[in-house]
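Engineer: Using only what follows, build the 3D model:
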Amino acid sequence: MGVIGFRKAKCKDCYKCVRLCEVKAIRIKDEHAQFVASECVECGQCLEACPQNAITFIKDIQWIKSMVKNGEKTVVSLAPAYLGVFGDADPNQMAAALHQLGFTYVHETAEAAGYVVQEYMNYCDRSDKDAVLLTSSCSAINNLIEKYHPDMLPYLLPVVTPAIAHARMLRAQYGPDVKIIYISPCVSDGGDALKDPRTKGIIDAVLDFATLRDWLRSEQIKIPKCPSSHMDSMDPKVMRLFAVSGGILSAIKAAKGRKYKHKRLYVSGIGPCEELFECIRNGEIKNCVIELNSCTGGCINGPMTGGKKRDRFRSKISVSQKVDEHEAPELPPLPEGVSLYKEYTARCEKRIVPSDEQIRAILSKIGKDSPEKELNCGACGFPTCRDKAIAVYRGKTQLTMCIPYMYEQAKGMSDIILAVTPSMIIVVDKDYFICEFNNAAEVAFGVSQQKALGHPVSEFISTEYFEKVFREKRSIINQRVDYDAYHIKTMQNIIYMREQEKALVIMRDITEGVRKQEQLRKVKLDTVAMAQNVINKQMMVAQEIAGLLGETTAETKSTLRKLRDTLMDSDEDMKI
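Structural biologist: I've put the predicted structure just below:
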């Protein structure tokens, strides 16, 4: 388990962390980034890179607050970068703010830096004139050497970081029961303190500057307004420059009564450090003490400062103004039993290297079947296409994580759909210029794609409905539009593409359907007319029949009446 983690739900599959990670200690699986703890050097640059805040750093804040609340004896080891990061406050005000939070004692980590520098100089004195000596104050660089450049171990000074040295000093001073909290902008020091079995347990908890800012804000503590208190440590003076690049060398230079025979150089950033290692391998550098930092510019640019990037320039100025680089502290003897030694060892994992044939097979699956097609654009996060293929072979990334390949795939699919669909498809921008014009549109309007693209759509068809779509910013669905000039009748969906500020029209040619409907309507009308004619004739026949029946009935009625009257008259005569 490492000190860095991922929130899967927040990861948006942008690969920015992969592109930034110098050692590619991030695996892409199921469209999300995963942290590979065994390969990570804990530089923390990915924490700043992630635009979704999906990458997390260990948080001991709740435990720290509970220790303070419960009245436990606590001592703070405060990294010297605070002078720049919290630039408006002096050391005494910073101590007062931390005391207000409830910490028992406040010490500066820089007081241990003086002893670390002494150890460096002792090794320098014992080394050959042409020796190359690499400082070991940056945990991330130490991890980098142990995991990726073990051939640099002979040059790495076997001295603990100032944070570990200081924790050992505080433990000796305050006893085994005191709770030591290390506050810094560094990620790798957290791993060194809490995860490395060689140093685990010396520091009880870590607190980053970003979280400290939030805590102070929640307690409404403003450092510049705090009354001056005092640090519980001696004034470390020039040792506070450990927070900026070149600070260790400044401390070496300021050491009194010591002569140095080596040249001095400082390098910051993972990439530049790896370039330096190559120079050392090639024998290009000799007789030199080299200060190494993973963060460009030093610890004041640490990933957990909690400030804005533009603040970091002011941070460096602030540190420089508050520290006299020529004034070294008078160091008392190191407490008995405190060791500054640390053995750095190779921690390289065996990495499977695929054969050239296997690499070529992987590349061919994404259309890179020849060196000419290997763009080496780096968009996937890997320097070259071959590096990406090796990562695929090792299961660290997905085959389809290639932007040019996916673009070609999507474009190819889009081109096929546009080419074979029977519907006419036209895309116009907000100025009514044609951006897309498919084959069906070419046939329907008698205009080639080459001639149509980039031209106003008004040259070929009306802009009436396009104007309505852009004006109302909504789509129009199932709109009947006839183009009499082209003898075309269409049913259209005009889609408003809000993000692209374009309109997509899909026209379905209904000319033949309309013609058949009109024919069918004519047949129906003719049939109705014929039926009406038959009805009319039938009515005439019925009327004629009715007329004849009427005359016959009248005659019958008259005859019967006469018969009745005759019979009635006969009855009267018989009575007489």
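Engineer: tell me the domain ranges of this protein?
Structural biologist: 1-57, 58-322, 358-407, 421-509, 511-551 (automatic domain parsing).
Engineer: out of those, deepest packed?
Structural biologist: Using mean count of other CB atoms under 10 Å, the stretch among the domains of the chain with the largest mean neighbour count is domain 58-322, at a mean of 20. All C-beta atoms are positioned from the backbone trio N, CA, C, and that covers glycine.
Engineer: before we move on, back to that, mind giving me CSV with the domains of the chain and columns for distance to residue 336 and mean pLDDT?
Structural biologist: Formatted as CSV, the domains of the chain follow (distance: least, CB to CB, whole Å; pLDDT from 0 to 100):
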stretch, distance to residue 336, mean pLDDT
domain 1-57, 32, 83
domain 58-322, 7, 88
domain 358-407, 48, 86
domain 421-509, 68, 92
domain 511-551, 99, 83
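Engineer: Show me the strands in the stretch 401-550 of the chain, by range?
Structural biologist: With strands called from DSSP state E, counting those that start in this stretch, the stretch 401-550 of the chain shows them at 424-429, 434-437, 476-483, 488-497, 502-509.
Engineer: ugh, wrong one, I meant the stretch 151-300 of the chain
Structural biologist: Counting by DSSP E, counting those that start in this stretch, the strands of the stretch 151-300 of the chain are 179-184, 205-208, 263-268, 288-293.
Engineer: Neighbouring strands - and their directions - for the second one?
Structural biologist: Meaning strand 205-208. For strand 205-208, the paired strands and their directions (DSSP bridges) read strand 179-184 (parallel).
Engineer: that older thread, next, format the strands of the stretch 401-550 of the chain as JSON lines and append distance to residue 262.
Structural biologist: Converted to JSON lines, these look like this (distance: least, CB to CB, whole Å):
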{"stretch": "strand 424-429", "distance to residue 262": "64"}
{"stretch": "strand 434-437", "distance to residue 262": "64"}
{"stretch": "strand 476-483", "distance to residue 262": "77"}
{"stretch": "strand 488-497", "distance to residue 262": "64"}
{"stretch": "strand 502-509", "distance to residue 262": "64"}
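Engineer: Indicate which one of the ones you listed is closest to residue 18.
Structural biologist: strand 488-497 (30.1 Å; CB to CB).
Engineer: now the angle between strand 476-483 and that closest one, please.
Structural biologist: 140 degrees (axes from the mean of the first three to the mean of the last three CA atoms, to 10 degrees).
Engineer: how far does strand 488-497 sit from the chain's center?
Structural biologist: 37 Å (CA atoms, centre = their mean, to the nearest Å).
Engineer: can you list the strands of the stretch 151-300 of the chain in JSON lines and add distance to residue 522?
Structural biologist: Output for the strands of the stretch 151-300 of the chain, formatted as JSON lines (distance: least, CB to CB, whole Å):
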{"stretch": "strand 179-184", "distance to residue 522": "89"}
{"stretch": "strand 205-208", "distance to residue 522": "83"}
{"stretch": "strand 263-268", "distance to residue 522": "87"}
{"stretch": "strand 288-293", "distance to residue 522": "88"}
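Engineer: Select, out of those, the one closest to residue 35.
Structural biologist: Comparing the strands of the stretch 151-300 of the chain under CB to CB, the one sitting nearest is strand 205-208, at 17.3 Å.
Engineer: would you put the C-alpha positions of that closest one in CSV?
Structural biologist: Output of strand 205-208 as CSV, limited to C-alpha atoms (Å, rounded to 0.1, in the frame of the first residue of the first chain):
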residue,chain,number,x,y,z
ALA,A,205,1.6,11.1,11.8
VAL,A,206,2.1,13.4,8.8
LEU,A,207,0.2,16.6,8.0
ASP,A,208,0.5,18.3,4.7
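Engineer: what comes into contact with that strand?
Structural biologist: With contact meaning CB atoms under 8 Å, 6 or more residues apart in numbering, strand 205-208 is reached by 57-58, 60-61, 63-64, 67, 179-187, 189-190, 193-194, 304, 306.
Engineer: quick one: which of these sit in helices?
Structural biologist: 61, 63, 64, 67, 189, 190, 193, 194 (DSSP state H).
Engineer: and which of those is nearest to residue 220?
Structural biologist: Closest to residue 220, out of all of the ones in helices among the contacts of strand 205-208 and judged by CB to CB, is residue 61, at 17.2 Å.
Engineer: That closest one contacts residue 210, correct?
Structural biologist: No. Using CB atoms under 8 Å, residue 61 is not in contact with residue 210; the gap is 10.5 Å.
Engineer: Could you pull out the residues contacting both of these two?
Structural biologist: Common neighbours of residue 61 and residue 210 (CB under 8 Å, 6+ apart) do not exist.
Engineer: Next one: residue 537 from residue 523, what distance?
Structural biologist: Distance, residue 537 to residue 523, using CB to CB, to the nearest Å: 21 Å.
Engineer: next one: residue 205
Structural biologist: From residue 205 to residue 523 the distance is 90 Å (CB to CB).
Engineer: Would you enumerate the residues in contact with residue 150?
Structural biologist: 346, 348.
Engineer: switch to 10 Å and redo it
Structural biologist: Applying CB atoms under 10 Å, 6 or more residues apart in numbering to residue 150 gives the contacts 156, 344, 345, 346, 347, 348.
Engineer: Helix or strand: which one has the nearest residue to the third one once chain neighbours are set aside?
Structural biologist: With sequence-adjacent residues excluded and distances taken as CB to CB, 6 or more residues apart in numbering, residue 345 is closest to residue 146, at 6.5 Å. For residue 146, the element it lies in under DSSP states H and E is helix 139-148.
Engineer: now the angle from that helix to strand 263-268?
Structural biologist: Using the same axes, to 10 degrees: helix 139-148 against strand 263-268 is 90 degrees.
Engineer: doesn't residue 222 make contact with residue 88?
Structural biologist: Yes. Between residue 88 and residue 222 there is a contact at 8.9 Å, judged by CB atoms under 10 Å.
Engineer: thought residue 474 was touching residue 468?
Structural biologist: Yes. Counting by CB under 10 Å, residue 474 does reach residue 468; the two are 8.9 Å apart.
Engineer: Need the overlap of contacts for those two.
Structural biologist: Going by CB under 10 Å, 6+ apart, residues that sit against residue 474 and also against residue 468 are 494, 496.
Engineer: In a markdown table, list the ones in helices among the contacts of strand 205-208 along with distance to residue 26.
Structural biologist: A markdown table is the format used below for these (distance: CB to CB, whole Å):
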| residue | distance to residue 26 |
| --- | --- |
| 61 | 25 |
| 63 | 28 |
| 64 | 29 |
| 67 | 33 |
| 189 | 21 |
| 190 | 18 |
| 193 | 23 |
| 194 | 21 |
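Engineer: Show me which pair in these is furthest apart.
Structural biologist: 67 and 189 (19.5 Å).
Engineer: OK, contacts around the closest residue to residue 383 other than its chain neighbours?
Structural biologist: Spatial nearest neighbour of residue 383, excluding adjacent residues (CB to CB, 6+ apart): residue 376 at 7.2 Å. Contacts for residue 376 (CB under 10 Å, 6+ apart) come out as 382, 383, 384, 385, 386, 387, 388.
Engineer: Tell me the one of these nearest residue 130?
Structural biologist: residue 383 (33.0 Å).
Engineer: Let me know the secondary structure of that closest one.
Structural biologist: coil (DSSP: H, G, I helix; E, B strand; the rest coil).
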